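Participant: Sequence first, then the predicted structure, then my questions.
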Amino acid sequence: MIQLASCYHWLIGSRPKVSWDKVVWNDWVIPKHQFMGWILAHEAFKTKTKLIRYGVDIDASCWLCGQASEDLDHLFFGCVYSLRVVQHLQQKTGLVLPVGNCLNWCLQDTGTSMQRGVKAGLILGATYQVWQQRNKCRHEGVLLRPQQAAANIVKDMKMRVHGKDWRQLNRLEIDWLIEVGLM
């Protein structure tokens, strides 16, 4: 009798282990933000520079700031708008969050698995908000202020926290969630 697992592995073949899976696919990250994390890990965002490489004739300047070419590194890690979103997010929570390679940062961060998960949720929430604002700016000519985008991230994360079974958290984790304003 053939086992199901061996059939599955035969069908999909072997796949290399990735380092970002525990960051993106953790229980504290909202599913739509998980999808953005997966896209970020695969560098699959259709930024202007990527579209130009595909042969699309467009201006390469960033939709959000207009100060540089819109590529992945600029949009999420160098754009004035995205930097301000993260800055406001840090002010609202009191946490130190990265503006560089956020997936690697989450892997190296200290704290409990819940704390790392919440931080990953906030960072991937920022990725989601920046991409959403970029698309709204592009299609509707509307752009939220960075502090409002940060407030949206915190609101989403609060909803995620309140949807959890608190009996699985210890008192220190609950105190930490209160301290960072998510409870």
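Facilitator: Here it is on my side, so go on. Numbers count the residues shown, from 1 in each chain.
Participant: Report the central residue of the protein.
Facilitator: Nearest to the geometric centre of the chain sits Leu124, at 1.3 Å (CA atoms, centre = their mean).
Participant: and the helix or strand hosting it, how far from the chain's centre?
Facilitator: Secondary structure assignment for Leu124, by DSSP states H and E: helix 113-140. Taking the mean of its C-alpha atoms, helix 113-140 sits 4 Å from the chain's own mean (CA atoms, centre = their mean, to the nearest Å).
Participant: swap in stretch 96-115?
Facilitator: Relative to the chain's own centre, stretch 96-115 is displaced by 11 Å; criterion: CA atoms, centre = their mean.
Participant: For this protein, spot the helix or strand the model is least confident about on average.
Facilitator: For the chain, counting by mean pLDDT, DSSP states H and E, helix 102-108 ranks last in confidence among helices and strands (a mean of 71).
Participant: Can I get that one as PDB, trimmed to CA atoms?
Facilitator: Presented in PDB, the C-alpha positions along helix 102-108 are these (Å, rounded to 0.1, in the frame of the first residue of the first chain):
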ATOM      1  CA  CYS A 102      12.100  42.800   7.000                       C
ATOM      2  CA  LEU A 103      11.700  39.100   6.500                       C
ATOM      3  CA  ASN A 104      15.300  38.400   7.600                       C
ATOM      4  CA  TRP A 105      14.900  40.800  10.500                       C
ATOM      5  CA  CYS A 106      11.900  38.900  11.800                       C
ATOM      6  CA  LEU A 107      13.900  35.700  11.700                       C
ATOM      7  CA  GLN A 108      16.600  37.200  13.900                       C
END
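Participant: on contacts alone, who are the packing partners of it?
Facilitator: The contact analysis (3 or more CB pairs under 8 Å, 6 or more residues apart in numbering; DSSP states H and E) places helix 102-108 against helix 21-24, helix 31-41, helix 113-140. All C-beta spots, glycine's among them, are computed from the backbone N, C-alpha and C.
Participant: Tabulate these (a markdown table), appending mean pLDDT and distance to Leu177.
Facilitator: What follows is the helices and strands packed on helix 102-108, written out as a markdown table (pLDDT from 0 to 100; distance: least, CB to CB, whole Å):
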| stretch | mean pLDDT | distance to Leu177 |
| --- | --- | --- |
| helix 21-24 | 86 | 19 |
| helix 31-41 | 93 | 18 |
| helix 113-140 | 93 | 7 |
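Participant: Dump those helices to TSV, plus distance to Lys48.
Facilitator: Shown next, in TSV, are these (distance: least, CB to CB, whole Å):
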stretch	distance to Lys48
helix 21-24	24
helix 31-41	16
helix 113-140	9
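Participant: can you give me the angle the helix holding Leu124 makes with helix 31-41?
Facilitator: Angle, helix 113-140 to helix 31-41, by axes from the mean of the first three to the mean of the last three CA atoms, to 10 degrees: 80 degrees.
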